[in-house]
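Peer 1: task: produce atomic coordinates for the following.
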Amino acid sequence: MLCCGCSSRSPFAPIEYGETALRSVEPFDPNKQGTNHGEVLEVLQDDAIKTLMDHFTIKGQTELSIADVRRAALANNLSLQVSFYDPQIASETLRGQQAKFESTFSMSASRQKTVSPIFNPQTNTHIDTESTTTTITPALNIPLITGGAISLSDNWESDLSETQTGASKSFSDNASLSISQPLMRNAGEEYNTASIQLASYQYEIATAKTTIAVINTIQNAEFAYWNVYKAWHNLEIQKQQYNLYNQELEDARTLYETNKSKTLVDLYAFETDLAQQAAAVIQADNGVRLAIRKLKVLINESDLSLGDEIEPVPTTLPDMNRYTFDTQHIENMALTHRLELLQSEFEIASDVLQIKMGENQLLPELNLQVGYQWYGFDDESYSGATSDLFSGNNPTGLQFGITGSFPIGNEVAKANLQGAMLKRLQSIATKQSRELTVRKDVHNALDNLNSSWLTHIAALYQLDAAQKNHDGVKRLYKHNQVTSTTVTNAIMKLGQAKITLLQSEVNYQLAMVQLAAATGTLMGHSQIEWTTPTQKSKP
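Peer 2: Numbers count the residues shown, from 1 in each chain. Just a heads-up that it's a prediction; the model follows:
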């Protein structure tokens, strides 16, 4: 056991570290940390661009739906895991306040031995006297909900005195009952239970904040999912654009080699755009990796680590049905479900309670104390003294008193009360500001949803026109009626139209998620419920 105890560091022991660890920054040397391939550029060949494409393009290896993302974010998100503990901590604080009226049992025991000389005038000498006193005192303190307390105690005491001439002993049992009760300051059930109610409000506020964190986490996870969807499809579009440029280059090379209807300038123009498009594919490929990695951080799924090559492919398609909503109904829904407003209600109620407690502290301190004692004595044993306690042969003691005090000026209590009143005004202003923010969020979300839908319609027309333009220009180019520049411009406009349509679809989904969050709800077909964690389980 001793060896095991020595093997771990005491939590009271300071952390050992070198002074240079806090004051120095190590250099990063690429030659040591990586491989230097030199400054010589590889000679460009005809298949160089294709080699780059094959090297950088990633392949999806697993499927992931929006429902999977919501579930994983709720269960595994580390930031949300931290938030789940806040209500539990507040709950334990509340439990501690609820136990403030628990009774307390105490026990004290002591033994004292003294030796002292006593002068005997008859013999004109000092006689050594040895005294042994033993005291045992059990006590019970019972707090009252009115602010007072009842104290019960029983004091057993024995005295043994020994001298050269003889010994004497005595036993006593003294029982007492006392009651203390504040009459003004700190008095009353409402004041003394106010701390419990305050802790209850803090628990409700912590719960509301955690639910808000749940909503924000799921919303961010959905945003990340649709960004991954956009990144994947953007990569597909860029690859399609690459194939179009490559096909035009091959067609132009064939015409140049067969009938000389195309020139080297046409070939160089397509090669330039092909290389530029290859760079766009590489950037889109990297965009997929970054978007996936951000999603992985949010859902923290054990099967999808940050460093592995398992790349999830979104399987949930955008819902492009058009929806219209009654603005007033959505606004009322938000005012009902947004937990920020409920949080403000708890804050205002807490402030009102603080004001009432502050008003109580303005009162003078006036306390009533009443006590009663019973006495029992015996020369032989404790039991005899206890029997004598209830015999009624001994007189009883009575204590009655009133104590009072009042600070001159009482500025501390006045300042605390004024601060509580200002805090309430601040909470009311905060609630009004939050209500205004909720209404603004609803109107912004509805406008974004409508704008996203109209933009999607325009993007559909744009793609249709760009496709027709590309097909027409391609036919004209074969008959030498337009230049290669016109063809590359048509391909570029077609790619832009595809990306615009993709962005409009994603924006419509994000606008729907924002509308749900603005109303204090979440997208999906089932209700989300969460519980506070315990030491042996996850949330």
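Peer 1: please name the bridge partners of residue 174.
Peer 2: residue 155, residue 375 (DSSP bridges).
Peer 1: what's the local residue count around it?
Peer 2: 18 (other Cβ atoms under 10 Å). For the C-beta atoms, the positions are set from N, CA and C on the backbone; glycine is no exception.
Peer 1: surely it meets residue 373?
Peer 2: Yes: if you go by Cβ atoms under 8 Å, residue 174 and residue 373 touch, sitting 6.3 Å apart.
Peer 1: can you show me the CA trace of stretch 331-350 as CSV?
Peer 2: C-alpha atoms of stretch 331-350 as CSV (Å, rounded to 0.1, in the frame of the first residue of the first chain):
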residue,chain,number,x,y,z
GLU,A,331,-43.4,35.0,-34.1
ASN,A,332,-45.7,33.8,-31.4
MET,A,333,-44.2,30.3,-31.6
ALA,A,334,-40.7,31.8,-31.1
LEU,A,335,-41.9,33.9,-28.1
THR,A,336,-43.2,30.7,-26.5
HIS,A,337,-40.3,28.3,-27.2
ARG,A,338,-37.2,30.5,-27.1
LEU,A,339,-35.6,29.5,-23.9
GLU,A,340,-33.7,32.8,-23.7
LEU,A,341,-37.0,34.4,-22.7
LEU,A,342,-37.7,31.8,-20.1
GLN,A,343,-34.2,32.3,-18.8
SER,A,344,-35.1,36.0,-18.4
GLU,A,345,-38.2,35.1,-16.4
PHE,A,346,-36.1,33.1,-13.9
GLU,A,347,-33.6,35.9,-13.7
ILE,A,348,-36.3,38.5,-13.0
ALA,A,349,-37.9,36.2,-10.4
SER,A,350,-34.5,35.7,-8.8
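Peer 1: now do the strands in this protein.
Peer 2: Under the criterion DSSP state E, strands of the chain are mapped to 62-64, 104-120, 125-143, 149-162, 167-182, 312-314, 365-378, 397-405.
Peer 1: for the second one, packing partners?
Peer 2: This points to strand 104-120. Other helices and strands packing on strand 104-120, by 3 or more Cβ pairs under 8 Å, 6 or more residues apart in numbering; DSSP states H and E, are strand 125-143.
Peer 1: ok, now the first one?
Peer 2: Using 3+ Cβ pairs under 8 Å, 6+ apart as the contact definition, the elements that strand 62-64 packs against are strand 312-314.
Peer 1: just the fourth one next, same as before
Peer 2: Counting contacts by 3+ Cβ pairs under 8 Å, 6+ apart, strand 149-162 is packed against strand 125-143, strand 167-182, helix 382-389.
Peer 1: nearest to residue 415, of those?
Peer 2: Residue 415 lies closest to strand 167-182 among those, at 21.9 Å (Cβ to Cβ).
Peer 1: the closest one to strand 125-143, inter-axis angle?
Peer 2: On the basis of axes from the mean of the first three to the mean of the last three Cα atoms, to 10 degrees, strand 167-182 is oriented at 30 degrees to strand 125-143.
Peer 1: list the buried residues for strand 167-182?
Peer 2: Counting neighbours by 16 or more other Cβ atoms under 10 Å, one finds that the buried residues in strand 167-182 are 171, 172, 173, 174, 175, 176, 178, 180, 181, 182.
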